[in-house]
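**Q** Got a sequence here, can you build the structure:
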Amino acid sequence: PVSLAGSLEIDANGIIDIAAGLTAKGIALLDVGTGAGGAVIGAPITAGTLLAATISSGGLSETTAGTIAADTFTSDGGTIGGNVILSNTSNSLISIGDLTATGTIDIANAAIASPLALDGTISAPSITFNAGSGLSQPQSGVLSTTLLTDAHSGTGLFLNGTANTIGTLAAFTAPAGQVTITNANALTIEGLDAKNIRLDAGSGLTLHGGVTAVGTLSIGGSAVTETGSGAIDAPTLTGSMSGDAVLTNANSVDTLGAFTATDLSLNDTKALTLTGLVATSGTLAFGSTPTLTETGTGTIDAGTLASLPGHALTGNAILTNANSIDALAGFTASGTLDLADTRALAIAGTDSLGGDLTLADSLSLSGTGALDAQTLDIAGTISGLSLTGGNQVLTVQTITSTGSIYLNDASTLDVAGPVTAPSATFVANGLTI
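**A** Now for the predicted structure:
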């Protein structure tokens with residue numbers, strides 16, 4: 001073994017083969033040759049900094065006897081030609097600085113006191129970590145790779161680098177761990193299972209495999225879509241998107257918290273409760289959920305409320321908080337819609353209910369679309385009602401309006417409750433008052 005109080009530099013015009021243990025404050029491996037080269041660590045190395053600055057070809061690898069214990073591992077601005085395969089799980093690295101390789105980077109690390117810190121710019125076509133204590137990254141860190149794989153289950157993954165350019169995260173499981181991934185470009189998730197998950201992709205997020213959270217899944221960035229088997233299974237979903245959120249696979253979400261998007265489409269196989277402000281400048285569409293309710297601060301602020309085509313709600317929608325909705329367009333449910341709305345509400349498209357439409361707090365009700373409901377009942381006073389489309393309402397209950405009422409109805413209409421207005425016109429295929 002070689003032990004130095006200072007630093008050690010090993011230069012070679014060819015292969016560097018370390019067969020004896022090395023201990024030094026800093027160790028540099030420099031392959032300065034132009035032919036076949038590389039470095040093989042075949043014995044324990046202990047260093048403050050292990051610097052593999054330039055290896056022309058052949059990469060850097062370990063044998064089963066080769067291990068690294070170092071505060072920092074880096075190529076320090078240089079490039080390692082070939083693969084970096086440090087797969088001995090007895091390695092003890094505290095941090096990885098700048099590291100660039102033309103091939104694969106595959107680094108294993110023992111369970112140490114803190115997560116392996118990815119402090120520098122780490123770049124390779126494919127990067128794999130197997131870190132017993134998980135991974136952490138400051139905002140200044142950068143991961144640049146087409147494929148990132150975390151091979152160690154059960155630990156946390158904290159990738160906070162705002163300039164990360166990760167193409168795809170391979171399937172990763174850490175049911176008791178936390179996962180945070182920030183990415184500057186488009187990110188594809190092939191599968192993810194963790195306690196709480198936060199995903200933020202600046203150029204779009206694609207869920208191509210199942211994403212399961214024990215607690216909360218929070219998503220952000222420009223847009224999110226689901227492809228393949230991509231679906232969400234989480235008690236709580238929150239999000240902040242600058243574009244559209246299209247989540248139309250068979251998701252299982254119990255609670256939708258605060259969520260903003262241009263358009264939000266959510267297909268959900270569970271009863272869904274809104275607990276925060278769900279705001280879209282365009283369309284908010286729900287599908288398949290057995291019941292849709294609001295509690296606490298759960299409210300909707302949307303241009304249009306709709307159902308996903310072919311995925312009608314299978315029960316009631318009870319939305320009685322102070323919502324702000326401009327239009328119902330293609331909203332379909334097998335049960336009742338009980339809606340409080342602080343805006344003038346338009347009926348656009350065909351809105352079909354197996355039960356009743358009960359409307360409260362709306363300024364007015366109008367539209368050329370078609371309303372299909374058992375009963376129309378309006379609580380409070382509106383400024384007018386004008387429904388001129390091919391409506392099919394069986395019963396009108398209470399309507400109080402300061403303006404005129406006009407209802408065109410293609411079915412037999414029963415005006416059962418008190419209707420108060422300066423004038424009221426009902427056009428129906430049979431009328432009972």
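**Q** Quickly note the distance from residue 168 to residue 145.
**A** 9 Å (C-beta to C-beta, to the nearest Å). C-beta: built from backbone N, CA, C; applies to glycine.
**Q** Between the two, tell me which one has more neighbours.
**A** residue 145 (21 against 17; other C-beta atoms under 10 Å).
**Q** For beta bridges, what are the partners of the more buried one?
**A** On the basis of DSSP bridges, residue 145 is bridged to residue 166.
**Q** thinking it is in contact with residue 128, fair?
**A** No. Residue 145 is beyond contact range of residue 128, at 9.5 Å (criterion: C-beta atoms under 8 Å).
**Q** which residues do the two both contact?
**A** Contact criterion C-beta atoms under 8 Å, 6 or more residues apart in numbering; residues shared by residue 145 and residue 128: residue 105.
**Q** Quick check: buried residues in the helix-or-strand element of the chain with minimal mean pLDDT?
**A** Using mean pLDDT, DSSP states H and E, strand 45-55 stands out as the lowest-scoring helix or strand of the chain, at a mean of 85. For strand 45-55, the buried set under the neighbour-count rule, 16 or more other C-beta atoms under 10 Å, comprises 45-47, 49-55.
**Q** can those go into JSON lines with extra columns for distance to residue 352?
**A** Shown next, in JSON lines, are the buried residues of strand 45-55 (distance: C-beta to C-beta, whole Å):
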{"residue": "45", "distance to residue 352": "71"}
{"residue": "46", "distance to residue 352": "72"}
{"residue": "47", "distance to residue 352": "71"}
{"residue": "49", "distance to residue 352": "68"}
{"residue": "50", "distance to residue 352": "68"}
{"residue": "51", "distance to residue 352": "69"}
{"residue": "52", "distance to residue 352": "66"}
{"residue": "53", "distance to residue 352": "69"}
{"residue": "54", "distance to residue 352": "69"}
{"residue": "55", "distance to residue 352": "67"}
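**Q** What is the nearest of those residues to residue 426?
**A** Nearest to residue 426 out of the buried residues of strand 45-55 is residue 52 (C-beta to C-beta; 84.0 Å).
**Q** and the gap between the closest one and residue 261?
**A** Counting by C-beta to C-beta, the gap from residue 52 to residue 261 is 45 Å.
**Q** do residue 395 as well
**A** For residue 395, the distance to residue 261 - C-beta to C-beta - is 37 Å.
**Q** How about residue 168?
**A** Taken as C-beta to C-beta, the span from residue 168 to residue 261 is 23 Å.
**Q** What of residue 184?
**A** For residue 184 relative to residue 261 (C-beta to C-beta), the value is 20 Å.
**Q** These two: who's more crowded?
**A** residue 261 (27 against 18).
**Q** Contact partners for the more buried one?
**A** 239, 241, 243-245, 279-280.
**Q** if you set the cut-off to 6 Å instead, what comes out?
**A** Applying C-beta atoms under 6 Å, 6 or more residues apart in numbering to residue 261 gives the contacts 241, 245, 280.
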